[in-house]
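Chemist: pasting the sequence and the predicted coordinates here, then a few questions.
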Amino acid sequence: MKSMPFDLPLFPEAASTMAERVDALYWFLVITTAVMSILIFVAIAFLAVRYRQGTRVNRADPPHHSIPVEIVWSVIPLAVFLFIFVWGARIYYDNTYPPDDALQIFVVGKQWMWKIQHLDGKREINELHIPVGRPIRLTMTSEDVIHDFFIPAFRVKNDVLPGRYTSLWFEATKTGEYHLFCAEYCGTRHSAMTGRVVVMEPAAFQDWLAGGVSGEPMEATGGRLFQQFNCNTCHKRGGRGPLLTGIYGTAVRLKDGRSVLADEGYLRESIIDPTARLTAGYQAVMPTFKGQLSETQVLQLIAYIKSLGIAEETKAE
């Protein structure tokens, strides 16, 4: 038999720690649905033949209800649905919260490309190089419209939104190259917004990071931007703005009495729209940097602010 000119598998290869778990739940849903559908159609066919017009069956005084039957068809489906809910909720939870030691990489979606930057400054377009066996956390945003970062082999996807950060994490289990797609219609060239994920052995990944053209670390670039826009005059030693050293990951008291977590989203909003959530004890004197900084530069500033806390912790030890 002549072989096909292309490979058309039913499912993409499962190449992450989450992929087989997602597939198992999917196949359970498919099989459960198929079994119930077959049972229902068999029952319909049997009753249609058994009680068709003209058959000699007793139709006198038919039962109106049966408590045991009603209990069975209520309790069994409820148990199955609760089982599916708990199973799916567990996968959702594990797929939402990355491990603390995950390698952080930043992604910016733009019509029609993926711009990716590693913490050490290495940049990629429509390619993502990662080590095998290491949790990876992506912090993502968009410069224009809604995109969706989708890696079928890893069974992970998430919207990439303008004006806010979303995240995605995974851990590859096999080396190789895998497809990367945008799974949200984003314009006339949406179908061309593709790329590849290259999974490498850890040693090969480190060699890749060290080779070729590599920029300065994101925190170093962010530090230069911090000086360039005179952020240090208010935030470095305290003054008209809150001290930023060690602020990342802490609770910030707002002027209206609420407390918020100083995560990437809060830091971004404070740069782009500083009057949205004012810190308690400070006035609305900081200018907005909306339109002055690209999304990549905002990420670099955030990387620098995060490094301030890390530096202080290191000194304390």
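Modeler: Received, thanks. Residues are numbered from 1 along each chain as shown.
Chemist: which residues does stretch 78-98 contact?
Modeler: Contact with stretch 78-98 is made by M18, R21, V22, L25, F28, L29, T32, P135, R137, V156, S167, W169, as judged by CB atoms under 8 Å, 6 or more residues apart in numbering. Quick note: C-beta positions are derived from backbone N, CA and C, even for glycine.
Chemist: pLDDT weak spots in the chain?
Modeler: 1-9, 59, 212-215, 237-239, 309-317 (pLDDT under 70).
Chemist: which parts of it are helices?
Modeler: 19-50, 67-96, 202-210, 218-228, 232-235, 264-272, 295-316 (DSSP state H).
Chemist: the third one packs against which elements?
Modeler: Same thing as helix 202-210. If contacts are counted by 3 or more CB pairs under 8 Å, 6 or more residues apart in numbering; DSSP states H and E, helix 202-210 sits against strand 127-131.
Chemist: how far does the strand it packs on sit from its chain's centre?
Modeler: 16 Å (CA atoms, centre = their mean, to the nearest Å).
Chemist: and for stretch 93-112?
Modeler: The answer for stretch 93-112 is 6 Å, by CA atoms, centre = their mean.
Chemist: span of it from start to end?
Modeler: 31 Å (CA to CA, to the nearest Å).
Chemist: may I see the buried residues of that stretch?
Modeler: Of all the residues in stretch 93-112, those buried under the rule 16 or more other CB atoms under 10 Å are 95, 98, 102-112.
Chemist: farthest pair in the contacts of stretch 78-98?
Modeler: Within the contacts of stretch 78-98, T32 and R137 form the most distant pair, 33.2 Å apart (CB to CB).
Chemist: who has more neighbours out of those two?
Modeler: R137 (18 against 14; other CB atoms under 10 Å).
Chemist: need the contacts of stretch 78-98 in TSV (columns: distance to T194).
Modeler: Putting the contacts of stretch 78-98 into TSV (distance: CB to CB, whole Å) gives the following:
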residue	distance to T194
M18	22
R21	26
V22	22
L25	27
F28	31
L29	28
T32	34
P135	24
R137	22
V156	16
S167	21
W169	21
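Chemist: looking at the sheet around the residue nearest to T296 when sequence neighbours are not counted, what are its partners?
Modeler: Take T296 and drop its neighbours on the chain: the residue closest to it by CB to CB, 6 or more residues apart in numbering is V108, 5.7 Å away. Here V108 sits in beta bridges with K115, T141, going by DSSP bridges.
Chemist: ok, V108 - contacts?
Modeler: Residues in contact with V108 (CB under 8 Å, 6+ apart) are W114, K115, I116, Q117, M140, T141, S142, E143, E295, T296, L299.
Chemist: go on, G109?
Modeler: Counting by CB under 8 Å, 6+ apart, G109 touches K115, M140, T141, S142, E143, D144, H147, F149, V160, C182, C186.
Chemist: of those, just say which sits nearest to L128.
Modeler: Among these, and counting by CB to CB, the member closest to L128 is F149, at 9.4 Å.
Chemist: now that closest one. Nearest residue, chain neighbours left out?
Modeler: Nearest non-adjacent residue to F149 (CB to CB, 6+ apart): V160, at 5.5 Å.
Chemist: E143 is in contact with that neighbour, correct?
Modeler: No - with contact defined as CB atoms under 8 Å, V160 does not count as touching E143 (9.8 Å).
Chemist: higher neighbour count, those two?
Modeler: Using other CB under 10 Å as the criterion, V160 and E143 rank with V160 on top: 28 against 15.
Chemist: now the more buried one: how far from A210?
Modeler: Distance of V160 to A210, given as CB to CB, to the nearest Å: 29 Å.
Chemist: swap in D148?
Modeler: 32 Å.
Chemist: outline the domain layout of the protein.
Modeler: Per automatic domain parsing, the structural domains of the chain span 11-49+98-215, 218-316.
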